[in-house]
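A.B. asks: need the 3D shape of this:
(one chain, ligands or ions: 1)
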Amino acid sequence: MKTNGTYDVIVVGVGGMGSATVYELANRGLRVLGLERFDIPNDMGSSHGVSRIIRLAYFEDSSYVPLLRRSYERWRELEEASGESLLQVVGSLDTGKEDGEVVRGSLESCREHDLPHEPLTSAEVARRFPGCRLPEDWMGVYQPDGGFLLSERCIVNHAFAALERGADVRAREAVLKWDCTGSGVRVETSRGSYEAGSLVISAGAWTGPLVPSLDRLLTPERQVMGWFQPRRPELYTPGALPVVIGEFEEGSYYSFPVFGVPGFKIGKFHHLNEATTAEGLDRDCREEDEAALRQAVARYFPDANGPTMALKACMFTNSPDEHFIIDALPGFPNVFFAAGFSGHGFKFCSVVGEVMADLATRGETAHDISLLRLSRFESVA
Ligand SMILES: Cc1cc2nc3c(=O)[nH]c(=O)nc-3n(C[C@H](O)[C@H](O)[C@H](O)COP(=O)(O)OP(=O)(O)OC[C@H]3O[C@@H](n4cnc5c(N)ncnc54)[C@H](O)[C@@H]3O)c2cc1C
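C.D. replies: Below is the predicted model of the structure:
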């Protein structure tokens, strides 16, 4: 069969992780092809909606902190290369009950990794950040390095930088089939076929259908982000309010000061608990979506509880333990994947690009990704 091109590495999916991987490989002088089924960037997967939180005080597991430090460095390098501001530092505030998972985990990360931080009572939170109101006996952990990334701009700039370094990047070209050949891999798309020494699969919520052996470890889940017009805008500017993670009675929420859309942005982890498929996602936003977000705005950010400015659906792709899955694909030499980012992956794209480039070229990485290996699921695989 005719081949439309031969590369060192092919990357499937040029979203958050894929754009960073294509850039990293091109930056190392490799011949790389990035294939994206929709547009670059697009609002079909997991990376749209203007902004994503980045924070060092990592309640999910303190072992992410070294990867996070590297990821900050790499975002700053991308900003330098592109001349565009992509990372806004506004501080992060992790809130909830003192013995809750968020506050405990955030404090543990700060202490273990010697991160500057301030534990704040709810009264102190109200004084420092009057846009946020917590119940009396709750607390906050303020960490000054937290902030947010402009997610679509990060993808665009990774793609630009990759193109400048000689990468071949193609949108509106879906990978339909891939397989190993004697010496590498072969990929068939909606427009042709290509060969390469190795393959990186970073297809987000579509990874399961593309890699059947991973399918049952990956559950796409519908999410909705909402933007609400503050009644007192001065309390919700970057500078007046950090990014806030809240382990509230109504569920766990994440929020951003006003930026890019004229509204205070908020989302609820696991939203309405709706498992979906990438193809079957209901992209319409309904009254109950808005209600799930507005209940937290009304109680914890009362001066932001004005008219709705925007609602957008998006997908998490959850792994069974909500840690990422990054590894070589068993049984397929030269095939590697980055998946299962479980709603907290974007901040890591820049370092994941580096990890995937290491794996695709050397089969190993110096980064500690032991928490993220596929082998932890052997008992269920
Ligand atoms: C509402 C919401 C809020 C979030 N908030 C945060 C946050 O504050 N901080 C944070 O760090 N993370 C956050 N996340 C998680 C983070 O956004 C994701 O972990 C990250 O975007 C995943 O990147 P990805 O590259 O895996 O997926 P995507 O960016 O979706 O990229 C996958 C790409 O692969 C393409 N593709 C799929 N199949 C094929 C194919 N066959 N051929 C070619 N291309 C294909 C898709 O079109 C897509 O563009 C949030 C996620 C959501 C949904």
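
A.B. asks: which pLDDT does the model give the residue of the stretch 1-150 of the chain with the smallest separation from the ligand?
C.D. replies: Here the stretch 1-150 of the chain gets closest to the ligand at one residue, residue 15, 1.9 Å apart by C-beta to the nearest ligand atom. (Each C-beta comes from the backbone N, C-alpha and C, glycine too.) pLDDT, the model's per-residue confidence, is 99 for residue 15.

A.B. asks: what mean pLDDT does stretch 368-381 have?
C.D. replies: The average pLDDT within stretch 368-381 is 85.

A.B. asks: that one near the ligand anywhere?
C.D. replies: No: taking C-beta under 6 Å from any ligand atom as the criterion, stretch 368-381 and the ligand are apart, separated by no less than 12.8 Å.

A.B. asks: how close does residue 68 get to residue 55?
C.D. replies: When C-beta to C-beta, to the nearest Å is the yardstick, residue 68 and residue 55 sit 8 Å from each other.

A.B. asks: same question, residue 145
C.D. replies: Here the distance between residue 145 and residue 55 works out to 7 Å (C-beta to C-beta).

A.B. asks: which neighbours do the two share?
C.D. replies: residue 92 (C-beta atoms under 8 Å, 6 or more residues apart in numbering).

A.B. asks: higher neighbour count, the two?
C.D. replies: The residue with more neighbours, out of residue 145 and residue 55, is residue 55; 25 against 18, by other C-beta atoms under 10 Å.

A.B. asks: check contacts around the more buried one.
C.D. replies: Residues in contact with residue 55, defined by C-beta under 8 Å, 6+ apart, are 68, 92, 94, 143, 145-147, 243, 245, 347.

A.B. asks: got it, and residue 332?
C.D. replies: By C-beta under 8 Å, 6+ apart, the residues touching residue 332 are residue 180.

A.B. asks: isn't there a strand covering it?
C.D. replies: No: residue assignment for residue 332, taken from DSSP: H, G, I helix; E, B strand; the rest coil, gives coil, which places it outside any strand.

A.B. asks: for the ligand, what are the nearby residues on the stretch 151-300 of the chain?
C.D. replies: Taking C-beta under 6 Å from any ligand atom as the measure of proximity, the stretch 151-300 of the chain contacts the ligand at 174-175, 202-204, 206, 210, 223, 225, 254, 267.

A.B. asks: could those be laid out in JSON lines, adding pLDDT, neighbour count and distance to residue 233?
C.D. replies: Putting these into JSON lines (pLDDT from 0 to 100; neighbours: other C-beta atoms under 10 Å; distance: C-beta to C-beta, whole Å) gives the following:
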{"residue": "174", "pLDDT": "98", "neighbour count": "17", "distance to residue 233": "42"}
{"residue": "175", "pLDDT": "98", "neighbour count": "22", "distance to residue 233": "45"}
{"residue": "202", "pLDDT": "98", "neighbour count": "28", "distance to residue 233": "38"}
{"residue": "203", "pLDDT": "98", "neighbour count": "29", "distance to residue 233": "39"}
{"residue": "204", "pLDDT": "98", "neighbour count": "26", "distance to residue 233": "34"}
{"residue": "206", "pLDDT": "98", "neighbour count": "25", "distance to residue 233": "39"}
{"residue": "210", "pLDDT": "98", "neighbour count": "20", "distance to residue 233": "44"}
{"residue": "223", "pLDDT": "98", "neighbour count": "23", "distance to residue 233": "26"}
{"residue": "225", "pLDDT": "98", "neighbour count": "25", "distance to residue 233": "19"}
{"residue": "254", "pLDDT": "98", "neighbour count": "21", "distance to residue 233": "20"}
{"residue": "267", "pLDDT": "98", "neighbour count": "23", "distance to residue 233": "20"}
